[in-house]
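Trainee: okay, sequence plus prediction incoming.
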There are 2 protein chains.
Amino acid sequence: MITTEFTEAFGIEHPVVCGGMTGVGTAGLIAAVANAGALGFLSALTQPTPSKLDAEIRRTKQLTSRPFGVNLTILPTINPVPYDEYLQVIIDNAIPVIETAGSSPEPLMERLKAAGVKVVHKAVAVRHALTAERLGVDAVSIDGFECAGHPGEEDIPGLVLIPAAAARLGIPLIASGGFATGSGLVAALALGASAINMGTRFVATIEAGVHDNVKKQIVENSEHDTNVVFRSFRNSARVAKNAISDEILEIEAREGTTFADIAHLASGARGRQNVLAEGRMDDGLWWAGQSQGLITEVLTCKQVVDSIVAEAEELIARRLAAVVL
Amino acid sequence: MITTEFTEAFGIEHPVVCGGMTGVGTAGLIAAVANAGALGFLSALTQPTPSKLDAEIRRTKQLTSRPFGVNLTILPTINPVPYDEYLQVIIDNAIPVIETAGSSPEPLMERLKAAGVKVVHKAVAVRHALTAERLGVDAVSIDGFECAGHPGEEDIPGLVLIPAAAARLGIPLIASGGFATGSGLVAALALGASAINMGTRFVATIEAGVHDNVKKQIVENSEHDTNVVFRSFRNSARVAKNAISDEILEIEAREGTTFADIAHLASGARGRQNVLAEGRMDDGLWWAGQSQGLITEVLTCKQVVDSIVAEAEELIARRLAAVVL
């Protein structure tokens, strides 16, 4: 057992989190994460309507009696999203913890606090983490440059970002980006975090509802097999290296590129579905973190969590203890 | 005391290294690092001739009776550098360890081995580290994306690069890039390294022979205050953010930029001297790592090393030990 500020504040067995992943964070995976004693988040907006989210939460509860959370990512969109209704579903289902991302959680805080829902906010910079703390969130999940998805534009990896955040935050800090192993968990704890968040590692599990080709590709890929696309639009996203992300990078390198020049390649939900559901690996953008280089086999969620905790315990109690004379 | 594979193989008290720094790695600093029980490297090419290096080594030996090394960086240059003569000076002075960087150490290995000089090779990718191991080097110093100077073009931070290298190397691994604290040392040890290398942290010491403005600037700067210039020439260098590095980035962002377009800004030794020796902070490029964000005061080398080791010991023996139940 590894007991930290995070495990105590959130009542979770292990200091391991599976944050919200669009297209991946559904009932089967999140229940398996919960049953492994970690904290998983369903992805609210992967469900096309609030009532579908309601059904997905019920499905998850049938698969686990342990606590799990829901991620609600608030981004500017062309078609309005009924955020209030998604939020009401979360509250009505007595979900104990929400993960907010994308923009400030401020508009949600009053309702969440009144309903007794704990809030974990995802941030990519110390100043955003401090703002979230001031707003009353219960923990911050800070994403380093290594992470899949949106690392921001400042390119600060965890080795520097985690201690810089820990030095200024009073609430529990969840370290995200580049984590897949027990040695990473110990590094995160040493740097001042009290849990790790893992995305890519949980995609490469038996229970993740994605095509086997995706899981195999993560195992085969090295730390070099990611691309950071959309940098020229200041909306950087770390995705798996493939024919499409390579082509986007080439087009972005040309002066004067606009989003219209790559819109046909960055085709959102459809491209993601080609990859995640259909296993056509070169037929869409899909998020992958540099932690790919540390993932060597597809395991169950319980095997992932148990092996990480066991490695971390052994590392702290034996290998590290032995270097101090 | 923290005893690792590195401290035992190299006979150094603490698992802390100050690698070669052009314009900074001179007698005063390197002797102070040695006297603090860490391993410092004089920068050979900071000395304009082999006989000046010989004099600098003698000066260092007057200031310390402890072991220190010399860095020899081999890069393509317009004016031929008498590498063989520099190497002979290193061997003739019975320097116990050399740090090679810039290109493969292969051409030097036979002479170094015959003379009983240990070799630490700096690499930025696992494949280069493995090549160096095959060539018979005694340790690899692996530089993550966070580092000052040349991080390579693949942007892999230490959280992923260190364990990826440790999984495949049999020789001691020195983790470099983003380190300035005891918690960083523990993170590095957890990730599989047996020492940390620090550059920026040792520049911000009393004994570093650079202008006080440089030391003050490092303390004031946050982790955001670096720029990666020369990316468009595939010769990336992380330098301090200032008027010149900002201007270079702007010019590089234009399509078709050639080195000639920025040569007047990237003025090498002269610009570095403006900053390091004269403290004119906006009048040249100078290397700085993201670890700036973790450096809060100018200290002596002994204070730096002692506080890092004490923090690491406390972290391992108490704070980490307490999370394992």
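Mentor: Done, it's in. The structure displayed is predicted, hence computed values, not measured ones. Numbering: from 1, shown residues only, chains lettered A, B, ... in the order given.
Trainee: and the closest residue to A:Pro96 other than its chain neighbours, how many residues sit next to it?
Mentor: Nearest residue to A:Pro96, sequence neighbours excluded (C-beta to C-beta, 6 or more residues apart in numbering or on different chains): A:Pro67, at 5.0 Å. C-beta here means a position set from N, CA and C on the backbone, and glycine is covered the same way. Neighbour count for A:Pro67, taken as other C-beta atoms under 10 Å in any protein chain shown: 16.
Trainee: was I right about A:Pro67 contacting A:Val17?
Mentor: No - look at A:Pro67 against A:Val17 with C-beta atoms under 8 Å: they stay out of range, at 11.9 Å.
Trainee: identify the contacts common to those two.
Mentor: By the contact definition C-beta atoms under 8 Å, 6 or more residues apart in numbering or on different chains, A:Pro67 and A:Val17 are jointly contacted by A:Leu39.
Trainee: so does stretch A:182-199 get close to chain B?
Mentor: Yes - judged by C-beta under 8 Å from any C-beta of the partner chain, stretch A:182-199 and chain B are in contact via A:Ser183, A:Gly184, A:Val186, A:Ala187, A:Ala188, A:Leu189, A:Ala190, A:Leu191, A:Gly192.
Trainee: need the CA coordinates for that stretch. CSV is fine.
Mentor: Provided in CSV are the C-alpha atoms of stretch A:182-199 (Å, rounded to 0.1, in the frame of the first residue of the first chain):
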residue,chain,number,x,y,z
GLY,A,182,6.3,2.2,-10.6
SER,A,183,9.6,4.1,-11.0
GLY,A,184,7.6,7.0,-12.5
LEU,A,185,5.3,6.9,-9.5
VAL,A,186,8.2,7.2,-7.1
ALA,A,187,9.7,10.0,-9.2
ALA,A,188,6.4,11.9,-9.1
LEU,A,189,6.1,11.4,-5.3
ALA,A,190,9.7,12.6,-4.9
LEU,A,191,9.0,15.7,-7.0
GLY,A,192,6.1,16.6,-4.7
ALA,A,193,3.0,15.0,-6.3
SER,A,194,0.8,12.7,-4.4
ALA,A,195,-0.5,10.6,-7.3
ILE,A,196,0.1,10.0,-11.0
ASN,A,197,-2.3,10.2,-13.9
MET,A,198,-1.9,7.8,-16.8
GLY,A,199,-3.7,7.9,-20.1
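Trainee: give the buried residues for that stretch.
Mentor: Using 16 or more other C-beta atoms under 10 Å in any protein chain shown as the test for burial, stretch A:182-199 gives A:182-199.
Trainee: off-centre distance for stretch A:1-20?
Mentor: Put simply, stretch A:1-20 sits 15 Å off its chain's centre (C-alpha atoms, centre = their mean, to the nearest Å).
Trainee: looking at the buried residues of stretch A:182-199, which are in helices?
Mentor: A:Gly182, A:Ser183, A:Gly184, A:Leu185, A:Val186, A:Ala187, A:Ala188, A:Leu189, A:Ala190 (DSSP state H).
Trainee: going by distance to A:Ala27, which of those residues wins?
Mentor: Ranking those by separation from A:Ala27, with C-beta to C-beta as the measure, puts A:Leu185 on top at 25.9 Å.
Trainee: got a list of what that closest one touches?
Mentor: Contacts of A:Leu185 (C-beta under 8 Å, 6+ apart): A:Ile2, A:Pro15, A:Val16, A:Phe179, A:Ile196, A:Ile308, A:Val309, A:Glu311, A:Ala312.
Trainee: these in strands, which ones?
Mentor: Among the contacts of A:Leu185, the members falling in strands (DSSP state E) are A:Val16, A:Ile196.
Trainee: what's the burial count for A:Phe233?
Mentor: Neighbours of A:Phe233 under the rule other C-beta under 10 Å: 14.
Trainee: does it touch A:Phe259 like I think?
Mentor: Yes - A:Phe233 lies in contact with A:Phe259 (C-beta under 8 Å); the separation is 5.9 Å.
Trainee: so the residue nearest to A:Pro96 is in which element?
Mentor: Counting by DSSP states H and E, no helix or strand carries A:Pro67.
Trainee: wait, isn't A:Ala125 in contact with A:Ile156?
Mentor: Yes - checked against C-beta under 8 Å, the pair A:Ala125 and A:Ile156 is within contact range at 7.4 Å.
Trainee: ok, those two, which is more surrounded?
Mentor: Neighbour comparison, A:Ala125 and A:Ile156: the larger count goes to A:Ile156, with 30 against 19 (by other C-beta under 10 Å).
Trainee: check what pLDDT the residue nearest to that one when sequence neighbours are not counted gets.
Mentor: Distances taken as C-beta to C-beta, 6+ apart place B:Glu223 nearest to A:Ile156, at 5.1 Å, with adjacent residues excluded. Model confidence at B:Glu223, given as pLDDT, is 97.
Trainee: with A:Ile156 instead?
Mentor: Looking at A:Ile156, its pLDDT reads 98.
Trainee: please apply the same query to the one 4 residues further on.
Mentor: The score at A:Val160 is 98. That number is its pLDDT.
Trainee: same thing with A:Pro80?
Mentor: 87.
Trainee: do the same with A:Phe202
Mentor: The confidence metric pLDDT takes the value 98 at A:Phe202.
Trainee: OK, contacts around the closest residue to A:Leu159 other than its chain neighbours?
Mentor: Computed as C-beta to C-beta, 6+ apart, the closest residue to A:Leu159 that is not its neighbour in sequence is B:Gly178, at 3.9 Å. B:Gly178 sits next to A:Pro157, A:Leu159, A:Val160, B:Gly144, B:Glu146, B:Cys147, B:Pro157, B:Gly158, B:Gly184, B:Gly289, B:Gln290, B:Ser291 when contact means C-beta under 8 Å, 6+ apart.
Trainee: from the residues you listed, which single one is nearest B:Ala317?
Mentor: Using C-beta to C-beta, B:Gly184 is the member of the contacts of B:Gly178 that lies nearest B:Ala317, at 17.1 Å.
Trainee: now the residue in the stretch 151-300 of chain A that chain B sits nearest to. Nearest residue, chain neighbours left out?
Mentor: At 3.3 Å from chain B, A:Pro157 is the closest residue in the stretch 151-300 of chain A, using C-beta to the nearest C-beta. In this structure, A:Pro157 finds its nearest non-sequential neighbour in B:Pro157, 3.3 Å apart by C-beta to C-beta, 6+ apart.
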